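J.: A predicted structure for the sequence below; I have some questions about it.
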Amino acid sequence: MYKNHFRAYLRSGLLASVVIAAAANVIFVLSGLLSGHEIGILGQDRDTLYIVFITFATVAAVFIGTILFYFFQKYTKKPVLWFSVIVLLGFLFNMYTAEADLAGAYKITAHIMHIVVSGLALYIVPKLAKK
């Protein structure tokens, strides 16, 4: 049902992370245009979102998630269920930290991005992992 080679998961993870990071950045830019918050590429404010940080965090999370999915499919009978649990826990943690740490203008944008990124990860990673 799922691919057996670790290298195939690395390629799937890279592809999924690039697609999902692009979607997250599109949401960030569109939300900035609609809500009026600043759209920065890189910066030092801890309570602000930046394109470079969004890209790095999304690529890292999805890529690591794909590697975890490889181990779930190798060592468990329900890899999608365990992957969903990990994504849900990450989603809840990110929603909490966005609410606690970000400036008001960025909170809604972060919440929308977290919903879309988590949903796309749940859909794309298992789909790319199939033979």
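T.: Thanks, I have it.
J.: contacts and neighbour counts: CA atoms only from here.
T.: OK.
J.: so D45 belongs to a helix, correct?
T.: No - assignment of D45 by DSSP: H, G, I helix; E, B strand; the rest coil gives coil, placing it outside any helix.
J.: and it, how many residues sit next to it?
T.: 10 (other CA atoms under 10 Å).
J.: how about L89?
T.: The local packing of L89 (other CA under 10 Å) involves 12 other residues.
J.: which helix or which strand is home to it?
T.: Using DSSP states H and E, the element containing L89 is helix 79-101.
J.: counting by contacts, list what that helix packs against.
T.: helix 51-75, helix 104-129 (3 or more CA pairs under 8 Å, 6 or more residues apart in numbering; DSSP states H and E).
J.: possible to save those helices as JSON lines with mean pLDDT, distance to L15 and mean neighbour count?
T.: Below are these laid out as JSON lines (pLDDT from 0 to 100; distance: least, CA to CA, whole Å; neighbours: other CA atoms under 10 Å):
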{"stretch": "helix 51-75", "mean pLDDT": "96", "distance to L15": "9", "mean neighbour count": "19"}
{"stretch": "helix 104-129", "mean pLDDT": "95", "distance to L15": "9", "mean neighbour count": "19"}
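J.: right, and those helices - which one's nearest I20?
T.: helix 104-129 (6.2 Å; CA to CA).
J.: for the longest helix along the chain, packing partners?
T.: Ranked by number of residues, the top helix in the chain under DSSP state H is helix 6-35. Applying 3+ CA pairs under 8 Å, 6+ apart, one finds that helix 6-35 contacts helix 51-75, helix 104-129.
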